[in-house]
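1. Got a sequence here, can you model it:
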Amino acid sequence: MVFCEPCTLPLPAQYRVEGDCVHYVGDYASRDRTPGTDVDVCFSGCIAITQIQL
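-> As a prediction, this is how the structure comes out:
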């Protein structure tokens, strides 16, 4: 487990409308891997723990 900062860049995503349905397509493998962020930690095989405020 690694305590780290969350990545603030958005997930590359697209939406596809088919009739009454909207499909969400996120390209997780293309996320930015800034060293030390939760995305980098997870893609490195560890568990990321981040503190967020709501």
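2. give me phi/psi at the residue of the chain positioned farthest from its centre?
-> Distance to the chain centre peaks in the chain at residue 19, reaching 28.0 Å (criterion: C-alpha atoms, centre = their mean). Taking degrees, to the nearest 10, you get phi 70, psi -120 for the backbone angles of residue 19.
3. so how far is residue 11 from it?
-> Distance, residue 19 to residue 11, using C-beta to C-beta, to the nearest Å: 25 Å. All C-beta atoms are positioned from the backbone trio N, CA, C, and that covers glycine.
4. Put the alpha carbons of the host helix or strand of residue 24 into CSV.
-> Per DSSP states H and E, residue 24 falls inside strand 21-26. The C-alpha coordinates for strand 21-26 follow below in CSV (Å, rounded to 0.1, in the frame of the first residue of the first chain):
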residue,chain,number,x,y,z
CYS,A,21,-28.6,4.1,-24.4
VAL,A,22,-25.4,6.0,-23.7
HIS,A,23,-22.2,3.9,-23.6
TYR,A,24,-19.2,5.1,-21.6
VAL,A,25,-15.8,4.1,-23.0
GLY,A,26,-12.8,4.9,-20.8
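5. In terms of secondary structure, what does that strand contact?
-> On a contact count with 3 or more C-beta pairs under 8 Å, 6 or more residues apart in numbering; DSSP states H and E, strand 21-26 meets strand 13-18.
6. Need the residues that contact the strand it packs on.
-> Under the contact criterion C-beta atoms under 8 Å, 6 or more residues apart in numbering, strand 13-18 has outside partners 22, 23, 24, 25, 26, 27.
7. Residues in a beta bridge with the fourth one, which ones?
-> This points to residue 25. Using DSSP bridges, the bridge partners assigned to residue 25 are residue 14.
8. How confident was the prediction at it?
-> Predicted confidence (pLDDT) at residue 25: the value is 89.
9. Against residue 10, how distant is it?
-> Separation of residue 25 from residue 10 (C-beta to C-beta) stands at 14 Å.
10. can you give me the helices for the protein?
-> In order along the chain, the chain carries the following helices (DSSP state H): 38-43.
11. Name the nearest residue to the residue nearest the centre of the chain, sequence neighbours excluded.
-> Centroid check for the chain by C-alpha atoms, centre = their mean gives residue 11 as the closest residue, at 5.5 Å. For residue 11, ignoring the flanking residues on the chain, the nearest one in space by C-beta to C-beta, 6 or more residues apart in numbering is residue 26 at 5.0 Å.
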